[in-house]
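> Make a model of this:
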Amino acid sequence: MKLITAIKLYELGRLSSGAAANLAGIPKVLFLTKLADYGVDTL
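Predicted structure coming up:
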């Protein structure tokens with residue numbers, strides 16, 4: 001559930017990728033990979 005929340009906040013521009021990864025409790029590189037799994041652009 002934390003991952004979904006972090007992805008949504010990142011998508012809305014409320015969190016940076018680093019802060020969102022921290023919220024999700026995963027490394028930033030893994031978070032960026034997960035964004036693609038959920039169809040969220042990293043740029």
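
> Can you show me the strands along this protein?
Counting by DSSP state E, the chain forms no strands at all.

> And the residue nearest the centre of it?
The centre of the chain sits closest to Ile7, judged by CA atoms, centre = their mean, with a distance of 3.8 Å.

> Pull the number of nearby residues for Met1.
6 (other CB atoms under 10 Å). C-betas here are computed from N, CA, C, even on glycine.

> Distance of it relative to Gly39?
Applying CB to CB, to the nearest Å, the value for Met1 to Gly39 is 18 Å.

> What are the boundaries of the helices in this structure?
Here the chain has its helices, by DSSP state H, at 2-11, 17-24, 28-37.

> now these in a markdown table, with mean pLDDT and distance to Leu43?
Output for these, formatted as a markdown table (pLDDT from 0 to 100; distance: least, CB to CB, whole Å):
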| stretch | mean pLDDT | distance to Leu43 |
| --- | --- | --- |
| helix 2-11 | 96 | 12 |
| helix 17-24 | 97 | 11 |
| helix 28-37 | 95 | 10 |
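
> Ala20 versus Val11, what's the distance?
Careful, residue 11 is Glu and not Val. Noted for Glu11: a distance of 9 Å to Ala20, by CB to CB.
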